[in-house]
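Asker: Here you go, sequence then predicted model.
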Amino acid sequence: MRSPAARTVTLATALLALTCAAVSACGDDADQRSESNYCTQVGNHLTDLNSPTIAEDGDIDRVVSAWRTVSKSAPIAVQAEWETMVANLETAITVDATDPASMQLVADTARKSEPAANRVISYTQQRCGALIGSVAPTPTTLLTSEPTSTSEPTSITATETSTALGE
């Protein structure tokens with residue numbers, strides 16, 4: 001007779017095998033998330049990542065789909081950051097320009113996603129030779145006291161972040 005732990009391991013293994021077969025993701029995930037495939041997907045969708053043309057509602061779906069496709073191909077090194085960027089985009093497309101709370105949510109989400117955006121931009125530029133956005137990333141400096149260096153602090157607004165992300 002098997003122990004409860006052995007039955008649990010067997011059940012978990014069977015469920016994993018069924019899940020992998022159902023979604024066809026387990027065996028292909030490494031290839032899908034390879035740097036080569038990622039760079040190919042970035043190249044295939046660079047226009048929608050950088051300067052999408054939005055003339056009608058279907059264009060929004062196309063752009064979001066492009067971001068999701070690239071995100072699904074992102075190597076583990078930037079997978080979480082891409083997921084953050086897609087969530088940022090999904091928040092942005094729900095904005096109600098007449099609702100201050102909605103506008104604030106989009107601004108807050110963009111601000112919070114800035115480190116992820118900078119990581120994605122840097123990684124993609126280094127690994128693929130492609131620039132997402134129109135400028136290389138710069139860290140945001142919150143000036144809470146006197147500057148300690150002679151250089152001026154750099155600040156990025158939510159609008160500039162959105163522009164840098166191609167939104």
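Answerer: That came through, no problem. Note that the coordinates shown come from a computational prediction; the quantities given were computed from them, not determined experimentally. Numbering: from 1, shown residues only.

Asker: Now do the helix or strand hosting residue 42: everything it contacts.
Answerer: According to DSSP states H and E, residue 42 maps onto helix 35-44. Residues outside helix 35-44 that contact it (C-beta atoms under 8 Å, 6 or more residues apart in numbering): 31, 49, 69-70, 73-75, 124, 127-130, 132. Heads up, the C-betas are built off the backbone N, CA and C, glycines and all.

Asker: cutoff 7 Å now
Answerer: Helix 35-44 is contacted by residues 31, 49, 69-70, 73-75, 124, 127-128, 130 when judged by C-beta atoms under 7 Å, 6 or more residues apart in numbering.

Asker: what stretches of the protein score poorly on pLDDT?
Answerer: 1-30, 136-167 (pLDDT under 70).

Asker: so where do the strands sit in it?
Answerer: Under the criterion DSSP state E, the chain contains no strands.

Asker: Outline the domain layout of it.
Answerer: Structurally, the chain divides into domains by automatic domain parsing as follows: 1-29, 33-164.

Asker: Mark which of the contacts of helix 35-44 are part of helices, please.
Answerer: 31, 49, 69-70, 73, 124, 127-128 (DSSP state H).
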